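Chemist: okay, sequence plus prediction incoming.
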Amino acid sequence: MDGLTLEWAQVIPQMVVVATSESAWTHRPPLGLSDAFSTPMQCRGSIASTRNLLEGSLAAAQQTAFQTRATSPRISPLSLTIDRWVWRLAGYYNTTHATPALMAEAAERFAAEGRTELAEYATLKSFDEAGHDQLALEDLRALGYEAERVVEDLVPPTARGLVNYFTELVRAPDPVGCVGYAYALERMAITVRSDHIAAVEAILPPGVNATRCLRVHSALGDDAFHVEDEVEVTSRLPPADRIKIVQACYQTVLRRNAAPQGEYLSEEALAKKLAVFKRNRQ
């Protein structure tokens, strides 16, 4: 009977993500009219259909972000340089640093509400993610930087926006959206494969290991297992909770893939900014 499971969630006005155990698609109800998907779903979930519902939400957000970028003022693509990698490491630090404390906070709230499975999930997530921010610091030190000063001074807007949204989810009247946030970032992380890591390593000085954080948050780390946990947990939740998780997934991907808005300094400006954080600088 699993093949007949149908789930759906409205992610934004006039866009509903629909999924079965075999596929997912977006549905746009006719303006001013109601149809079968205009009413929030009340059905039970299954692992297969919930996985596709989350995948469909992620794909829909990526497509929306792509279309937004296409209509934004043209931004020249920037080559990855060591300075750009430092910028990204600062972003990784800020997102990974926030996770343990915010997930612990969510776990406390779930436990207080008697939502045992969600409390256990958030507690485990808090422990699993502990120390990942230190990997980013180690990468920065390996590149010769005063790591703590870098991450305090450099907070890329995308990372700031993600952490702010994560905080909003955890402190909302119902914090269940934090599962969708975690799913979105970890699902995107496992698209980072060995060839991408090799491309980063190619721009680093010989013998320097500054991809510790990236490796952990890639297809080489444990995020694939975490994604499956999030799918399974979500599939067992009531329909209203699943909808909130799918909506949070969509919004997280939008923020992660949004067109930069004043985010990138010029190469010269970034180099000048980073120079003051170099150890043993002349």
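Modeler: Yep, it's here. Numbering: from 1, shown residues only.

Chemist: give the burial count for the closest residue to Thr99 other than its chain neighbours, as a bare number.
Modeler: Leaving out its chain neighbours, the residue that sits closest to Thr99 by Cβ to Cβ, 6 or more residues apart in numbering is Glu129, at 4.3 Å. Any C-beta I mention is one placed from the backbone N, CA and C, and that applies to glycine too. When counting by other Cβ atoms under 10 Å, one arrives at 23 neighbours for Glu129.

Chemist: would you mind measuring from Glu129 to Lys273?
Modeler: The gap separating Glu129 from Lys273 is 28 Å, by Cβ to Cβ, to the nearest Å.

Chemist: just to revisit the earlier point, touching, the residue nearest to Thr99 and Ala104? I think so.
Modeler: No. If you go by Cβ atoms under 8 Å, Glu129 and Ala104 don't touch, sitting 10.0 Å apart.

Chemist: how about Ala9, phi and psi?
Modeler: Main-chain torsions, Ala9, degrees, to the nearest 10: phi -150, psi 130.

Chemist: and it, how many neighbours?
Modeler: 26.

Chemist: one more: Asp195?
Modeler: Here the number of neighbours of Asp195 (other Cβ under 10 Å) works out to 7.

Chemist: re earlier: tell me the pLDDT of the residue nearest to Thr99.
Modeler: Predicted confidence (pLDDT) for Glu129: 96.

Chemist: quick one: contacts for it?
Modeler: If a contact means Cβ atoms under 8 Å, 6 or more residues apart in numbering, then Glu129 has Thr96, Thr99, Pro100, Met103 as its contacts.

Chemist: tell me how far it lies from Glu146.
Modeler: Glu129 is 24 Å from Glu146, by Cβ to Cβ.

Chemist: before we move on, what about Ser218?
Modeler: According to Cβ to Cβ, Ser218 and Glu146 sit 26 Å apart.

Chemist: show me what contacts Thr64?
Modeler: Counting by Cβ under 8 Å, 6+ apart, Thr64 touches Leu254.

Chemist: any idea which element Ala122 lies in?
Modeler: For Ala122, the element it lies in under DSSP states H and E is helix 116-129.

Chemist: same check on Ala59?
Modeler: According to DSSP H and E, Ala59 maps onto helix 47-71.

Chemist: how about that helix: buried residues?
Modeler: Buried residues in helix 47-71, counted by 16 or more other Cβ atoms under 10 Å: 47-62, 64-65.

Chemist: and it, how far out from the chain middle?
Modeler: Mean-position distance between helix 47-71 and its chain equals 13 Å (Cα atoms, centre = their mean, to the nearest Å).
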